[in-house]
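Chemist: A structural model of the following input is requested.
(2 chains)
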Amino acid sequence: MSRKAAIVATRIAVIVAAILALELLCRAKIISPLTLIPPSEMASALWELITSGKIRDDIVQTFTTVALAFVLSVAAGFTLGVVIHALPRVRRALDPLLASYYSIPFFVFYPLLIALFGLNTVPLIVIGLVFATAAMVIATLNGLDRVPRVMTKTARILRLSPARAVLTVTLPAAAPYLFTGLKLALAYSFIGVIAGEFILSGGGLGFSIAYAYNNFDSETMYALMMFVLVIVTIVNGVLHVLEQRMLARRAGR
Amino acid sequence: MTQSWFKETLGGRVLDALVLIVLAALIWQGLYEYAGDSAITSPLMTLDYAASLIRSSNFWGHAQATLVAFAYSLAISIALGITLGLLLGFQRFAGDVAEPIFVALYTIPKVTLYPLILLIFGLGLSAKVAFGVIHGVIPIILFTLNAVKNLNPVLLRTSRVLRLTTFQTVTTVLAPAVMPELITGVRVGFSLTMLGVLIGEMFASQRGLGFLIINGISLHNVRMTTAVILIVVAFAIAANSALLALDKRVHRG
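Modeler: Have a look, this model is predicted:
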């Protein structure tokens, strides 16, 4: 077995063993059922919730909000990144802000956003947007910085129109960095929206988890927690595989 | 535009920072004009109220609760993060198995785990600390792990050739070599630990600055919410700037 295969196999084994250990500890009542229920029970409770359609509205609401926050943050982050990259003076002024951006605990603004926009999905979209946009800006700047000079020069020698140069040279060259930005923007949109729902909101998966917690409904609570964590892990995993494929294709060229 | 504008001078940087602060204040004032007293207070009113808050003992009671929880979580995050990072960095195989798991943990919305933490630790200080730790420890592990992984093997071989004792190797070779990345990890961990503690206080707590913010919204005490947010954000930016300066210095030297 190659080293890489051994690593992946061990990783899967570690995760499976952790879940099994949890299952056993819960079944043996070493972990009190009031604290944690066995993963198998979470899964069956989740299955019931999904098939009964009870959480359909929450799922739809959370995913629409995350999707909106993601799309808006990518569009805004990319546009801002391109503009800032074109203006070195502005960029130098913004540099300290970008460097310390993620040190600001943005969730403290969330209650304020509710006061500003009302208790609906707008504050959730805004908090996701505010949280995710900077990652896309930083990734866009990184990507544009690392387009090799040779490529832009070649584009000029070939007399490509600006639009074609961007489409056929700049964007493909910056793609890996842009992809990192997409990945982070998606993760941050999820974190922003679900944390917002959790703290204070009227619906969505985060809200339902908090609601179940307050009502001591641990079956629903753990089922929903499992759902969120599994979905986010799958989405991130798919993006990771796509990224690896893209990088492999570029390396092979 | 003259060349001198582009020079990286202290005066230029201070000017840039001032312009950014003025811009932020203008946007803030604009929001205030748009939304009015019931949603947000104006920058000047907020500064005024924040100044009187800082002089009140009630505020310091809450600030102390947050700072104590934050100090504990940061200490645990750093100790645990560096230990695990070093172990996984030196055990190459274990590190390769674990790294993607930690990266995945980094991108999931950990706020969904808060009810579990509350059930394990109960309401109060230890739950806040635990929640801060699960946010802050992961970046510190990842940065330490990578610092050790990317350590130049020549360094360790040289120290063996020079017959340094383990203690000497650690203090004169290893520590200086991994220090820059460690500081970066601690800086990121610092911000995320604070985020974790504040979210914890916002969701289920009767004390602390996060509680003051969310309580201000529930009681329609917008003045309180806005002023506490200002204080928290100012503290975060100041602390990060100091760590960033340290970070830049160790990376250069």
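Chemist: so the biggest helix by length in chain A, near chain B or not?
Modeler: If each helix of chain A is counted by residues according to DSSP state H, the longest one is helix A:218-252. Yes: if you take Cβ under 8 Å from any Cβ of the partner chain as the test, helix A:218-252 does meet chain B, through A:Ser218, A:Met221, A:Leu224, A:Met225, A:Val228, A:Leu229, A:Val232, A:Thr233, A:Asn236, A:Gly237, A:His240. For the C-beta atoms, the positions are set from N, CA and C on the backbone; glycine is no exception.
Chemist: can you give me the neighbour number for the fourth one?
Modeler: It refers to A:Met225. When neighbours are counted by other Cβ atoms under 10 Å in any protein chain shown, A:Met225 registers 23.
Chemist: what does the third one give?
Modeler: Neighbour count of A:Leu224, defined by other Cβ under 10 Å: 29.
Chemist: which residues does whichever residue of the stretch 151-253 of chain B sits closest to chain A contact?
Modeler: Using Cβ to the nearest Cβ, the single residue of the stretch 151-253 of chain B nearest to chain A is B:Asn240, 3.5 Å away. Contacts for B:Asn240 (Cβ atoms under 8 Å, 6 or more residues apart in numbering or on different chains) come out as A:Ser100, A:Ser103, B:Arg187, B:Phe190, B:Ser191.
Chemist: which residue is the nearest non-sequential neighbour of the most centrally placed residue in chain A?
Modeler: In chain A, the centroid-proximal residue (Cα atoms, centre = their mean) is A:Ala187; its distance is 1.1 Å. Of all residues not flanking A:Ala187 in the chain, B:Thr107 sits nearest, at 3.9 Å (Cβ to Cβ, 6 or more residues apart in numbering or on different chains).
Chemist: surely that neighbour and A:Val235 touch.
Modeler: No: B:Thr107 is beyond contact range of A:Val235, at 9.4 Å (criterion: Cβ atoms under 8 Å).
Chemist: okay, and the common contacts of these two?
Modeler: A:Phe190.
Chemist: of the two, who's got more company?
Modeler: B:Thr107 (21 against 16).
Chemist: ok, that one - contacts?
Modeler: Neighbours of B:Thr107 in contact, by Cβ under 8 Å, 6+ apart: A:Lys183, A:Ala187, A:Phe190, A:Ile191, A:Val232, A:Asn236.
Chemist: next, it: phi, psi?
Modeler: Main-chain torsions, B:Thr107, degrees, to the nearest 10: phi -90, psi -10.
Chemist: helices of the stretch 1-150 of chain B, start to end?
Modeler: Here the stretch 1-150 of chain B has its helices, by DSSP state H, counting those that start in this stretch, at B:10-35, B:43-54, B:57-90, B:92-107, B:114-121, B:125-149.
Chemist: relative orientation of the fourth one and helix A:218-252 in degrees?
Modeler: Angular relation of helix B:92-107 and helix A:218-252 on a 0 to 180 degree scale: 120 degrees, by axes from the mean of the first three to the mean of the last three Cα atoms, to 10 degrees.
Chemist: ok, A:Thr180 - contacts?
Modeler: A:Ala139, A:Asn142, A:Glu243.
Chemist: what about whatever residue of the stretch 1-150 of chain A ends up closest to chain B, how many neighbours?
Modeler: Of all residues in the stretch 1-150 of chain A, A:Ser103 sits closest to chain B, at 3.5 Å by Cβ to the nearest Cβ. Neighbour count for A:Ser103, taken as other Cβ under 10 Å: 22.
Chemist: isn't it right up against B:Ala238?
Modeler: No: in this structure, A:Ser103 is not within contact of B:Ala238 by Cβ under 8 Å, at 9.7 Å.
Chemist: now B:His220. Its backbone dihedrals?
Modeler: The phi/psi pair for B:His220 (degrees, to the nearest 10) is phi 50, psi 30.
Chemist: and what of B:Ala204?
Modeler: Dihedral angles for B:Ala204 - degrees, to the nearest 10 - are phi -140, psi 90.
Chemist: distance check, it against A:Ala210.
Modeler: Distance, B:Ala204 to A:Ala210, by Cβ to Cβ, to the nearest Å: 9 Å.
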